[in-house]
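Chemist: Sequence and computational prediction follow.
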Amino acid sequence: MFETDLCPNARDHSAPTPPQDVLEAENVSLRLLLAQAEINAQELLEQAGIDAKQREAADKLQKLILEELHHRIKNTLATVGAIAAQSLRNASSTEHAQQAIEGRLLALGRAHDLLLQAQWSSAELGKVIRGATEAFDNRDAPKFSIDGPDIRMNSGAVIAIAMTLNELCTNTTKFGALSVPAGHVDIAWTLQDAGQRLHLTWSEHGGPPVQPPSRRSFGTRLIETLGRQLKGEVALNYPTDGFSYVIDVPLESLTLQPAA
C-alpha cells in the first residue's frame, strides 16, 4: 500500500525553519508574481472583451445578411411563381409556355447580374437597357438606338425596367419591327418637370404594319403592372407605322432606396 500524509500530526517537524530574511524575500517574490499575474490577467480579459465585441458584431452582421438573403429569395420565388403561372395560363401550347417562361427567367437573371455587379444596391439606367436588349441586337447591324442621361436606379426599379424591356424585345422580335431585317427600335429618355420625372419612350420603325391586339396578353398586363409598381403612367400605342411604349414616372420611384 502507498503511504499517505493525511494526518497533520504525522508530519515531520524536524526540518529547520528558514531564516526570516529568506521568508521575506520569498514573500516579495510571491507578491511580484501575483502582481504580474494580475496584469497578465487584466490584459487577457481586455483582449477577450475585444474579441467578444468583434464576435457580437460579426454575429449581428451575419444575421442581417441571412435576413436580407431570405427576403430576396422570397421575392424572387414569388416573381418566378407569377411568371410561371401567368405564362402557362396564357400559353397556346406547352412549347409556347416553355419559351415564354425561359425568356422571362433569363431577363430576371440578367437583371440580377446587374444588381450583383452593383452589390444589390443600384444600377445605371443606360446599362440596364443595354443589358436587356443585348440578346436581341445585332452587333454587325445594330437594331437599337439608345440615348438618355445617366440615372442611378434602385434594385426594385432595375428589376421592373429589365422585365419590361424583355417583354418589349420579345414582342418586337416576333411581331414588330425586329421581325423584319429593316426594322429598328429607338429608346430614349429625358428628365422633365425640373428633373422630377423620367419620360422614357420605346419607338419601333421599319416593321410590318401594326394591328392592335385583339386581347390583353400576359405580357401587356405585366408591362402595365410593372409601370404601376413604379408609380408611373404607361401608354401602349399601336399606330400603323410602328408600335410605341411610353412610361412617365416620378424620379424618386427609381432612385430612392425602399425602407427596410
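Modeler: All right, it came through fine. All figures in this text were calculated on a predicted structure; none of them were measured in a lab.

Chemist: Count the neighbours of residue 173 for me.
Modeler: In terms of burial, residue 173 registers 16 neighbours under the definition other CB atoms under 10 Å. Glycine gets a C-beta too; all of them are placed from N, C-alpha and C.

Chemist: didn't it look like it was pressed against residue 138?
Modeler: No. Using CB atoms under 8 Å, residue 173 is not in contact with residue 138; the gap is 11.3 Å.

Chemist: Residue 206 versus residue 182, what's the distance?
Modeler: As defined by CB to CB, to the nearest Å, residue 182 lies at a distance of 4 Å from residue 206.

Chemist: swap in residue 131?
Modeler: Taking CB to CB as the criterion, residue 131 is separated from residue 206 by 24 Å.

Chemist: The two: which has the busier surroundings?
Modeler: Set side by side, residue 131 and residue 206 show more neighbours around residue 131, with 19 against 16, by other CB under 10 Å.

Chemist: What helices and strands are in contact with the helix or strand hosting the more buried one?
Modeler: Residue 131 belongs to helix 125-133 when elements are defined using DSSP states H and E. For helix 125-133, the packing partners by 3 or more CB pairs under 8 Å, 6 or more residues apart in numbering; DSSP states H and E come out as helix 94-117, strand 144-147, strand 152-154, helix 155-174, strand 184-192.

Chemist: packing partners for the fourth one?
Modeler: Just to be clear, that refers to helix 155-174. Applying 3+ CB pairs under 8 Å, 6+ apart, we find helix 155-174 packed against helix 94-117, strand 122-124, helix 125-133, strand 197-205, helix 218-229, strand 244-250, helix 251-255.

Chemist: among those, which gets the worst mean confidence?
Modeler: Per-stretch averages of pLDDT across the helices and strands packed on helix 155-174 put helix 94-117 at the bottom, with a mean of 68.

Chemist: ok, residue 140 - how many residues close by?
Modeler: Applying other CB under 10 Å, we find 5 residues neighbouring residue 140.

Chemist: swap that for residue 152, sorry
Modeler: Close neighbours of residue 152, defined as other CB under 10 Å, add up to 15.

Chemist: Please apply the same query to residue 192.
Modeler: Using other CB under 10 Å, residue 192 is surrounded by 12 other residues.

Chemist: Excluding chain neighbours, what is closest to it?
Modeler: With CB to CB, 6 or more residues apart in numbering as the criterion, residue 192 has its nearest non-adjacent residue at 5.1 Å, and that residue is residue 199.
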